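[1] the following comprises the amino acid sequence and a computationally predicted model.
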Amino acid sequence: MIKVYIASPYTKGDVAINVKKQIDTVDVLINKGFVPFAPLYFHFQHLVHPRPYEDWIELDLKWLEVCDCLLRLSGKSKGADKEVKKARKLGLPIFYSLEDLYKFYHGNII
C-alpha cells in the first residue's frame, strides 16, 4: 500500500481548521486505498506534552523518509515547504492535488 505524507499549513490561519483539513484528507486517502500520514496529528500530542516547534518538524521529516510520496495541500507554510524540499532530496513524487496523486498511482490502487 502506498504511504502518503500530507504537507500543509499549520500555524498560518486557524490551527483547528488546518488540522481538520488534514484529517479530512486522511479519510479521503484511506477510502481510496492509500496509507496516509498526517503530521498535524502531533497537534494533539502537543496539547498534552508541548515541545518546541523544531522538535515537531524534526519528527515530521523522519516520518517523511518512510513515505512513498508527498501530497502538498494549498496554503502558505514554511514547514510544509521544508517538507517538500526534503521530499525532493529523497526523490519522492510530490503532488499538489488529489487528482494528480490518483492519476500517478491509478494502476497501483485498483
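    In hand now; what should we look at? Numbers count the residues shown, from 1 in each chain.
[2] for the lowest-mean-pLDDT helix or strand in the chain, packing partners?
    Within the chain, no helix or strand scores below helix 98-109, which has a mean of 84 by mean pLDDT, DSSP states H and E. Packing partners of helix 98-109 (3 or more CB pairs under 8 Å, 6 or more residues apart in numbering; DSSP states H and E): helix 15-31, strand 69-72. Glycine gets a C-beta too; all of them are placed from N, C-alpha and C.
[3] same list (the ones you listed) but as JSON lines, adding distance to residue 81 and mean pLDDT.
    Shown next, in JSON lines, are the helices and strands packed on helix 98-109 (distance: least, CB to CB, whole Å; pLDDT from 0 to 100):
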{"stretch": "helix 15-31", "distance to residue 81": "15", "mean pLDDT": "97"}
{"stretch": "strand 69-72", "distance to residue 81": "9", "mean pLDDT": "98"}
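[4] winner for burial among those?
    Mean neighbours per residue, mean count of other CB atoms under 10 Å, is largest over those for strand 69-72, with a mean of 22.
[5] format the CA atom coordinates belonging to it as CSV.
    What follows is strand 69-72, C-alpha atoms only, in CSV (Å, rounded to 0.1, in the frame of the first residue of the first chain):
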residue,chain,number,x,y,z
CYS,A,69,5.2,10.3,-1.8
LEU,A,70,4.2,13.7,-0.6
LEU,A,71,0.8,15.4,-1.0
ARG,A,72,1.1,19.2,-0.6
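[6] roughly how far apart are residue 2 and residue 38?
    Here the criterion is CB to CB, to the nearest Å. By it, residue 2 lies 15 Å from residue 38.
[7] more crowded one of these two?
    The neighbour comparison of residue 2 against residue 38 (other CB atoms under 10 Å) goes to residue 38, with 21 against 18.
[8] surely that one meets residue 20?
    No - contact criterion CB atoms under 8 Å: residue 38 and residue 20 do not qualify, at 10.7 Å.
[9] find residues that contact each of these two.
    Overlap of the contact sets of residue 38 and residue 20 (by CB atoms under 8 Å, 6 or more residues apart in numbering) is empty.
[10] measure how buried residue 59 is and give me the count.
    So residue 59, with other CB under 10 Å, has 14 neighbours.
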